[in-house]
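**Student:** Need the 3D shape of this:
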Amino acid sequence: MERSPGEGPSPMDQPSAPSDPTDQPPAAHAKLDPGSGGQPAGPGAAGEALAVLTSFGRRLLVLIPVYLAGAVGLSVGFVLFGLALYLGWRRVRDEKERSLRAARQLLDDEEQLTAKTLYMSHRELPAWVSFPDVEKAEWLNKIVAQVWPFLGQYMEKLLAETVAPAVRGSNPHLQTFTFTRVELGEKPLRIIGVKVHPGQRKEQILLDLNISYVGDVQIDVEVKKYFCKAGVKGMQLHGVLRVILEPLIGDLPIVGAVSMFFIRRPTLDINWTGMTNLLDIPGLSSLSDTMIMDSIAAFLVLPNRLLVPLVPDLQDVAQLRSPLPRGIIRIHLLAARGLSSKDKYVKGLIEGKSDPYALVRLGTQTFCSRVIDEELNPQWEETYEVMVHEVPGQEIEVEVFDKDPDKDDFLGRMKLDVGKVLQAGVLDDWFPLQGGQGQVHLRLEWLSLLSDAEKLEQVLQWNRGVSSRPEPPSAAILVVYLDRAQDLPLKKGNKEPNPMVQLSIQDVTQESKAVYSTNCPVWEEAFRFFLQDPQSQELDVQVKDDSRALTLGALTLPLARLLTAPELTLDQWFQLSSSGPNSRLYIKLVMRILYLDSSEIRFPTVPGSPGAWDVDSESPQRGSSVDAPPRPSHTTPDSQFGTEHVLRIHVLEAQDLIAKDRFLGGLVKGKSDPYVKLKLAGRSFRSHVVREDLNPRWNEVFEVIVTSVPGQELEVEVFDKDLDKDDFLGRCKVSLTTVLNSGFLDEWLTLEDVPSGRLHLRLERLTPRPTAAELEEVLQVNSLIQTQKSAELAAALLSVYMERAEDLPLRKGTKPPNPYATVTVGDISHKTKTVSQTSAPIWDESASFLIRKPHTESLELQVRGEGTGLLGSLSLPLSELLVADQLCLDRWFTLSSGQGQVLLRAQLGILVSQHSGVEAHSYSHSSSSLSEEPELWGGPPHITSSAPELRQRLTHVDSPLEAPAGPLGQVKLTVWYYSEERKLVSIVHGCRALRQNGRDPPDPYVSLLLLPDKNRGTKRKTSQKKRTLSPEFNERFEWELPLDEALRRKLDVSVKSNSSFMSRERELLGKVQLDLAETDLSQGVARW
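**Tutor:** Got it, this is the predicted structure:
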């Protein structure tokens, strides 16, 4: 820490002798007066006499309790107890003061102490001595130090004008409460380090501030009515404060709001004054600090957070103040082994065992296991569920203790970042205990939050087969955002109530804060519940006065109502019963289904069994008889199997929408914030919101699997996004039969039920084709027409028919199971019906899935027994289908458990678009070589299509000869202009035959620059590939600029490599320039 020139040496630079001037003889400090003959000044002698008398008086006061005890005839035990109490208070007080002095000295002389610890001189530490991901922020500390006095003025004003009136109004006995002194002192809060978490989400900035406050703060309060004075003099606070800047917006001040919270409970130490000196008595000291920390945790420790909006009319304020959890972790506390023995008998001569129990924590969520008596290898077998709000940052902590009558002995601790559970999906391992010996066995499962109820039945059936204690496993969570109430009834005498809310689900009840003296309270609080069965449970809401004796209103809401709501969400006013005629409550309820992705679980194949899906069809069938019919070798699906189509819905834009936003009570007319909702074939989709635009442009693509059943319609509705209820902007319908018959529809549709407005839709029917020859072309076209707002487009349709299974394992060796099957591709699953008590079920069901990357995705099938768990599983990579005849596999597959087989048909169909608007050609004979000097890359050679109907497809033009590669290698690019988005698009596919200059291969990446601009605004670069001469990138880049401006640019393509680990220099491997004026940008050209 730097010191200004005017400051003296630090305490660490002083000699060890006492340096306090009061410890020196008075004569050493007495100034000689020239006019007095060198005699000491009179006031100094008087001060010394007064100090002696004061010291004598204090010692005399100590004897007063002894005298009073004798005068009233009390036992000497009272005197000894009071003396012990005083000595304990004095010891606690001295320890706090020593701790404060040490902490202040450390902060004031951080640099000198660090240098001494490292046996270095007092010069500044070198720049390379730092943590790799935590940065020092001395510049920020200097700003805080300068702002600190003004912050003190603000705090004094806040406490006097806001807090004090609130305290006086909360209780009649505190009518004379006042702050008599508010000083933050001269020691400001310090930020020890700053850690930035990049790449979490693009719309937020996430910082971790390691703060340390060792302050000489002094705050005194007084209740004059009772002559009571109290206060705080000195405080320590240490912790990690997370600051989230979100959402990032395209207007000043760029950041919409700031959220702050402590990830874990900070440490706190307070020096009390006045009547609160009693809180420094042993036993009360830790209790008082704990109570204050509980208050801070209820305000600033996860899941609670402080939100400061920076812009008016911020959307989704409740979501920012109390966001949904990132996920749920199901913690199975199974066992421990090798624990240390803490119980001793006969004064330690006989060593016993331990009585272990475990504390499981995540943030403010704490669970305690049962105690296992006399056991060093306990088996708990308990399950807990915790909500995870921040990844990374939060940690699962397990502490193991030995239960004793007096003080429990510590046996060890383990910590694990929740990010590792999220990455693994399921983590089952023995974890070593720190600070002790032994290991603890945990199984950790990451449960994702699903916003639809499709998999609820699957989750409920899974949970029925899971044994869990002390509570059954949860199937969902419910988050209740309690906003406000209106027109609540008054108390007797027409007095304003102090309303609070009790929310209950079965035997779990949570309470809101009380809002004083109002019948229109605003709470703005969030509550979270675990649900075992949302289909049968109810939410009970009671609005009461803070005395709990008077009920102001009630509401009972069946949670099954949420299961049919869009995105499992209800956001509206609810009328209260047993209340006033206009009494109502505004709440938002959000339900999420807890889903364990079973694809994360891998089951090994039994050694010696056939392959994962290879089966010897000639092997004898177990349990067969001569009278049994022969086992079928292929499936027999109905005629409708595999006849589905895919409808690609392109929502382009709208015009002349009506304005719904009003300001200043309707005097000022605004615009609208429109979005589109689509409904078709039981599926619903929603576009993003375009802010303040009556002619919005969405340019989003949605895909849905449809059948040829007549009478189906695509329902389209346009809404204006608002804080409370979205306004209706119009609707239209399109007959699905029309689109399926014509194959393509591109129209402006007039919006109905509104004065004006029309919507531009483009609909295309995609029919699956049983050939893989066009797959690469489809993938390239999809990458070219992909929009930033849309999900990745499907390249194929997978149809799966599950006919039957045989030879499934029996329950407990004798009873047949109740089997069902689940088929999963990506995050989409289909569950068959359950067949009762058979090891050879016949399901006769089919399902279809959209496939985006057939080369890498796989079909996961699990056969389960209701109440018995997993019976077998199968993993079928879709790459197997790509090489199969007609892209179809139809046979028996062996389950990975080694016992049981399933008969299914899996067929793939490639989705070829005839109306993509892309003329892309792939040339194998043209080449673009890299050179050290830039060379111009001209336009592609002219190719004449042999058939007009193939203009929308990628065309291969093969040549027997290929131009030789350049001396530095080649780069493969696709460059075109996307007129729909008004963007120049470039796809960097890869490089080949790069030159190796050193002993090791380079770490190449590609840098793109639009000349003549050389600023960061036009610069793009790919990710870096390690140690390769033929890297593959397949990365897409865009530049927003008009077509005429793009034709005046040159695209500079440079292939570079990091020269060394410690250097920022980049080695140029090769370079090429593309003159866009000489390139036909209407065609997507993939060229080497």
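
**Student:** the strands in the stretch 901-1050 of the chain, which residues?
**Tutor:** 901-911, 919-923, 936-937, 955-957, 970-978, 983-992, 1004-1011, 1020-1021, 1032-1040, 1050-1058 (DSSP state E, counting those that start in this stretch).

**Student:** remind me which residues of the stretch 201-350 of the chain are low pLDDT?
**Tutor:** 201, 226, 272-299, 315-316, 318, 344-350 (pLDDT under 70).

**Student:** Would you map the helices across it?
**Tutor:** Using DSSP state H, counting those that start in this stretch, the helices of the stretch 201-350 of the chain run over 284-300, 317-321.

**Student:** same thing with the stretch 551-700 of the chain?
**Tutor:** With DSSP H, counting those that start in this stretch as the criterion, the stretch 551-700 of the chain has helices spanning 560-563.

**Student:** For it, which segments count as strands?
**Tutor:** 551-558, 569-575, 584-596, 645-655, 662-663, 668-669, 674-680, 683-686, 697-706.

**Student:** Output the contacting helices and strands for the longest one.
**Tutor:** Strand 584-596 makes packing contacts with strand 439-450, helix 456-464, strand 476-486, strand 538-545, strand 551-558, helix 560-563, strand 569-575 when contacts are defined by 3 or more CB pairs under 8 Å, 6 or more residues apart in numbering; DSSP states H and E. Using the backbone N, CA and C atoms, a C-beta is placed for each residue, glycine as well.

**Student:** I'd like to know the average pLDDT value across the second one.
**Tutor:** When you say that, I think you mean helix 456-464. Averaging pLDDT along helix 456-464 yields 85.

**Student:** which residues sit against that helix?
**Tutor:** For helix 456-464, contacts defined as CB atoms under 8 Å, 6 or more residues apart in numbering pick out 472-476, 532-535, 563, 593-596, 820, 822, 829, 831, 834, 864, 866-867.

**Student:** Nearest to Pro247, out of the helices and strands packed on strand 584-596?
**Tutor:** Proximity to Pro247, assessed across the helices and strands packed on strand 584-596 by CB to CB, is greatest for strand 476-486 (17.9 Å).

**Student:** For the closest one, list every residue counted as buried.
**Tutor:** In terms of neighbour count (16 or more other CB atoms under 10 Å), strand 476-486 has its buried residues at Ala476, Ile477, Leu478, Val479, Val480, Tyr481, Leu482, Asp483, Ala485.

**Student:** Kindly report the same for stretch 1017-1024.
**Tutor:** Thr1018, Arg1020, Lys1021, Thr1022.

**Student:** State the pair within the residues you listed that is farthest apart.
**Tutor:** Across the buried residues of stretch 1017-1024 (CB to CB), the longest gap, 15.3 Å, separates Thr1018 and Thr1022.

**Student:** Not counting its neighbours along the chain, what's nearest Gln575?
**Tutor:** Arg584 (5.2 Å; CB to CB, 6 or more residues apart in numbering).

**Student:** Pretty sure that neighbour sits against Asp487.
**Tutor:** Yes: counting by CB atoms under 8 Å, Arg584 does reach Asp487; the two are 7.2 Å apart.

**Student:** Next up, the contacts around the residue nearest the centre of the chain.
**Tutor:** Centroid check for the chain by CA atoms, centre = their mean gives Arg326 as the closest residue, at 4.1 Å. For Arg326, the contacting residues are Val388, His389, Glu390, Val391, Leu422, by CB under 8 Å, 6+ apart.

**Student:** ok, now with 10 Å
**Tutor:** If a contact means CB atoms under 10 Å, 6 or more residues apart in numbering, then Arg326 has Met387, Val388, His389, Glu390, Val391, Gln394, Val418, Leu422, Trp446, Ser448, Leu449 as its contacts.

**Student:** And for Gln146?
**Tutor:** Per CB under 10 Å, 6+ apart, neighbours of Gln146: Pro188.

**Student:** helix, strand or coil for it?
**Tutor:** Three-state assignment for Gln146 (DSSP: H, G, I helix; E, B strand; the rest coil): helix.

**Student:** roughly how far apart are it and Tyr154?
**Tutor:** Computed with CB to CB, to the nearest Å, the distance linking Gln146 and Tyr154 is 14 Å.

**Student:** likewise Asp722?
**Tutor:** 35 Å.

**Student:** what's the answer for Gly909, then?
**Tutor:** Taking CB to CB, one finds Gly909 at 67 Å from Tyr154.

**Student:** mind checking which helix or strand of this structure has the lowest mean pLDDT?
**Tutor:** In the chain, no helix or strand scores lower on mean pLDDT, DSSP states H and E than strand 955-957, which sits at a mean of 36.

**Student:** For the residue nearest to Pro266 when sequence neighbours are not counted, list each beta-bridge partner.
**Tutor:** Nearest residue to Pro266 in three dimensions, chain neighbours excluded: Gly239, at 2.7 Å (CB to CB, 6+ apart). Going by DSSP bridges, Gly239 is paired in beta bridges with Ile211.

**Student:** list the contacts for Gly239?
**Tutor:** 209-213, 262-268, 296, 300-301.

**Student:** and Thr868, what pLDDT?
**Tutor:** For Thr868, pLDDT reads 76.

**Student:** Just give the number of residues close to it.
**Tutor:** Neighbours of Thr868 under the rule other CB atoms under 10 Å: 16.

**Student:** From Asn463, how far out is it?
**Tutor:** 14 Å.

**Student:** ok, now Pro819?
**Tutor:** Taking CB to CB, one finds Pro819 at 18 Å from Asn463.

**Student:** Please say which of those two ends up with more neighbours.
**Tutor:** Neighbour comparison, Pro819 and Asn463: the larger count goes to Pro819, with 26 against 17 (by other CB under 10 Å).

**Student:** The more buried one reaches Gly869, doesn't it?
**Tutor:** No: using CB atoms under 10 Å, Pro819 is not in contact with Gly869; the gap is 11.2 Å.

**Student:** circling back to that earlier point, and the strands of the stretch 551-700 of the chain as JSON lines, adding distance to Ala840?
**Tutor:** Below are these laid out as JSON lines (distance: least, CB to CB, whole Å):
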{"stretch": "strand 551-558", "distance to Ala840": "40"}
{"stretch": "strand 569-575", "distance to Ala840": "43"}
{"stretch": "strand 584-596", "distance to Ala840": "28"}
{"stretch": "strand 645-655", "distance to Ala840": "34"}
{"stretch": "strand 662-663", "distance to Ala840": "67"}
{"stretch": "strand 668-669", "distance to Ala840": "70"}
{"stretch": "strand 674-680", "distance to Ala840": "38"}
{"stretch": "strand 683-686", "distance to Ala840": "34"}
{"stretch": "strand 697-706", "distance to Ala840": "30"}
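
**Student:** Dump the ones you listed to TSV, plus mean pLDDT and mean neighbour count.
**Tutor:** Output for the strands of the stretch 551-700 of the chain, formatted as TSV (pLDDT from 0 to 100; neighbours: other CB atoms under 10 Å):
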stretch	mean pLDDT	mean neighbour count
strand 551-558	91	18
strand 569-575	91	15
strand 584-596	92	22
strand 645-655	91	21
strand 662-663	70	10
strand 668-669	70	10
strand 674-680	92	21
strand 683-686	88	15
strand 697-706	89	20
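
**Student:** now stretch 870-880, how far from the chain's geometric center?
**Tutor:** Centre-to-centre, stretch 870-880 and its host chain are 31 Å apart (CA atoms, centre = their mean, to the nearest Å).
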